[in-house]
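J.: Below are the sequence and a predicted model for it; my questions follow.
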Amino acid sequence: MTKPPDLVVTGRIATLTGDTGFGWMPAIALTNGRVSATGPAAEIARSAGSATRMWRLPDGLCVMPGITDAHLHLGMAARAATALDLGGARDRGAILERIAAAHRALADAGDTITPVEGQGWSVDSFGGWPSTDDLDRAAPGRTVSLWSHDHHARWVSRDLLGAAVSRAGASASLIRREADGGPTGILHEAATSLVDPLLPAWDAFRRRAALAAYARTLTSLGVTGVHDPGELADAAGLDVGPALYRGLAREGRLALRVTASVREPQLPAALDTGMRTGAGEGRYRDGWLKLFADGALGSRSAALLAPWAADDPAGPPVGDPTGLLTASPAELLAAASRAVTGGIAVQVHGIGDRAVRVVLDVLAGLPRVAGVRHRVEHAQLVDAADIPRFATLDVAASVQPCHLCTDEPAMRVAWGTRAANAFPLASLDAGGALIPLGTDAPVESPDPWRNLAAAVSRSDPGWPEGKEPFHAEQALPVDRAIRAACLDPAITAGRDDHGRLVPGAVADLVVVPVEGLLDPGERGSRLAGTRPLAVLIDGDVVHLAPGYDPDA
């Protein structure tokens, strides 16, 4: 005898069946944490038993699959949520005042030891490159470590800078210097990790508590899963990342689905311990090997096919006039081949068009692992000749549209007319590429709705009136954007039971107002303002908005 469903929802259900559109259905049934049926409301309702919960959605609400953020640094974001946030400070004075206020708060409490740690500044918001002199004035005598907005540069106090210079070795060229050769206090790329041993480590208790709190934030936004590309650290072990998440999953304490990657220093340990892409238990799965081909736009270290704009007020990039390849093609291929031979798929950070081409060349010769796609992370600037190669090579373009809103001024200045090839979402889609969307939190807000709004409007609701969308011809339709946030991450990860609400799929779903999906609004404002009323993972309610009672 067939078990009656645990929950039946009638109304408007976006199942994402088929190749396009929302796949609307009038009802869905959930049994034992999975979708057991979709179809006509009367038919689904007849399958209910005496213990079945019945949710009847009003016309203004709908159900859709839970969102998977395909690029979210979970551990880093959880820790950053407890640190100083400079993201909303838009000029030099505001940034320095926030640092000074954090210093004063510690000093007033009698604390002269605890460092000020944070993130969110950029060379564009600061109006140039900051220095240790700035920190001497804002937080005298205090150890300070502040990640840039893109997490590819670190602004440090004089004590940390001295230690970094003494330990630099091969990374010495990645320490920004004045015209006279003196270090400024800015560390780029690999040099950013030079100060890690001098800063307080997080113990397991603090890390778990921060993860639990941050997971609640994510699920309240409708995010039911993340692909974590790892932390910017040189740790060789797996305790920060895969081992932690696997342990939480084993204990039944992993609050959302996590697919976790490793960085190159962790690859030996990953292979030795049997990590294999797609393996896992409960809500955890092993992910990819994360490699880096270049830097970033904000820190002026992305690798381009042609030189950066000569009139960029931020000055010349790190490296040569075309930017910085952080690893040679031979080095990338060697690491990627080692991973694939051991059963681990590959994702490679590539922001500039030269880096994207290099990464595609490297991935072209690699076999797929366990049905999982290799990936280019960010693909922020893609030469037109390389766009069709994503589909041809079956490589996913893991893009973060929210960067478009933040980076738009810098792209126009630093990339000039080439900015027309930035975030080419429509072209990638037309070429048949998978486009798993992510936010890159903590670099950006983890809000998936703002991210979706950027994908469909190529603008931001906060932009001044009259400002034109950034190359509107590259916008995605709303239904394709929703698929890119829900289904494309599942396909990229080789999970055929995720990302759409069909029989046999996991019961990860959200109840949201339907208006933003039908009409995203001017500059995507309606879609950006969407907030879930209910969120379910494995059929269990993990979030209800205050005042919302679906059983009423």
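T.: Right, received. Where do you want to start?
J.: hey, let's count contacts and neighbours off CA atoms from now on
T.: OK.
J.: which other helices and strands contact the one helix or strand Ala397 maps to?
T.: Assigned by DSSP states H and E, Ala397 belongs to strand 396-398. Packing contacts for strand 396-398, counted by 3 or more CA pairs under 8 Å, 6 or more residues apart in numbering; DSSP states H and E, involve strand 375-378.
J.: Over the helix or strand just after the strand it packs on, what's the mean pLDDT, rounded is fine.
T.: Heading C-terminal from strand 375-378, the first helix or strand you meet, by DSSP H and E, is helix 387-393. Mean pLDDT, helix 387-393: 98.
J.: May I see the buried residues of helix 387-393?
T.: Ile387, Pro388, Arg389, Phe390, Ala391, Leu393 (16 or more other CA atoms under 10 Å).
J.: any idea which helix or strand comes after the strand holding Ala397?
T.: helix 402-415.
J.: Distance across stretch 293-301, terminal residue to terminal residue?
T.: With CA to CA, to the nearest Å as the measure, stretch 293-301 spans 11 Å from end to end.
J.: That one: which residues count as buried?
T.: So for stretch 293-301, counting by 16+ other CA under 10 Å, buried means Ala293, Asp294, Gly295, Ala296, Leu297, Gly298, Ser299, Arg300, Ser301.
J.: same question, stretch 104-112
T.: So, applying 16+ other CA under 10 Å, buried residues of stretch 104-112: Arg104, Leu106.
J.: Over to stretch 394-406?
T.: For stretch 394-406, burial by neighbour count (16+ other CA under 10 Å) applies to Asp394, Val395, Ala396, Ala397, Ser398, Val399, Gln400, Pro401, Cys402, His403, Leu404, Cys405.
J.: chain center to it: distance?
T.: When distances are taken as CA atoms, centre = their mean, to the nearest Å, stretch 394-406 is centred 9 Å away from the chain's centroid.
J.: Now do the strands in the stretch 201-350 of the chain.
T.: For the stretch 201-350 of the chain, the strands defined by DSSP state E, counting those that start in this stretch occupy 223-228, 257-263, 280-281, 284-292, 346-350.
J.: and Leu305, which of these is closest to it?
T.: Shortest distance between Leu305 and the strands of the stretch 201-350 of the chain, using CA to CA, is found for strand 346-350: 12.5 Å.
J.: Can you name every helix or strand that the closest one contacts?
T.: For strand 346-350, the elements it packs on are strand 284-292, helix 329-341, helix 353-363, strand 375-378, judged by 3+ CA pairs under 8 Å, 6+ apart.
J.: Out of the buried residues of helix 387-393, which is nearest to Leu30?
T.: Using CA to CA, Ala391 is the member of the buried residues of helix 387-393 that sits closest to Leu30, with 34.4 Å.
J.: Give me the distance between that closest one and Phe292.
T.: From Ala391 across to Phe292, the span is 21 Å (CA to CA).
J.: can you check Ala396 too?
T.: Distance from Ala396 to Phe292, by CA to CA: 16 Å.
J.: Run through the stretch 1-150 of the chain and note the low-pLDDT ranges.
T.: Applying pLDDT under 70 to the stretch 1-150 of the chain flags the ranges 1.
J.: Would you state the strands of it in chain order?
T.: Going by DSSP E, counting those that start in this stretch, the stretch 1-150 of the chain shows strands at 7-14, 24-31, 34-39, 53-56, 61-65, 67-69, 84-85, 116-121, 144-148.
J.: which of these is buried the deepest?
T.: Most buried of the strands of the stretch 1-150 of the chain, by mean neighbour count (mean count of other CA atoms under 10 Å): strand 67-69, with a mean of 30.
J.: partners of that one in the sheet?
T.: strand 223-228 (parallel) (DSSP bridges).
J.: Residues in contact with the partner strand: which ones?
T.: Residues outside strand 223-228 that contact it (CA atoms under 8 Å, 6 or more residues apart in numbering) are 66-74, 218, 256-261, 287, 448, 508-509, 535-537.
J.: still on that earlier bit, and the strands of the stretch 1-150 of the chain as a markdown table, adding distance to Val443?
T.: Listed next are the strands of the stretch 1-150 of the chain as a markdown table, based on distance: least, CA to CA, whole Å:
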| stretch | distance to Val443 |
| --- | --- |
| strand 7-14 | 30 |
| strand 24-31 | 34 |
| strand 34-39 | 33 |
| strand 53-56 | 37 |
| strand 61-65 | 25 |
| strand 67-69 | 13 |
| strand 84-85 | 11 |
| strand 116-121 | 7 |
| strand 144-148 | 8 |
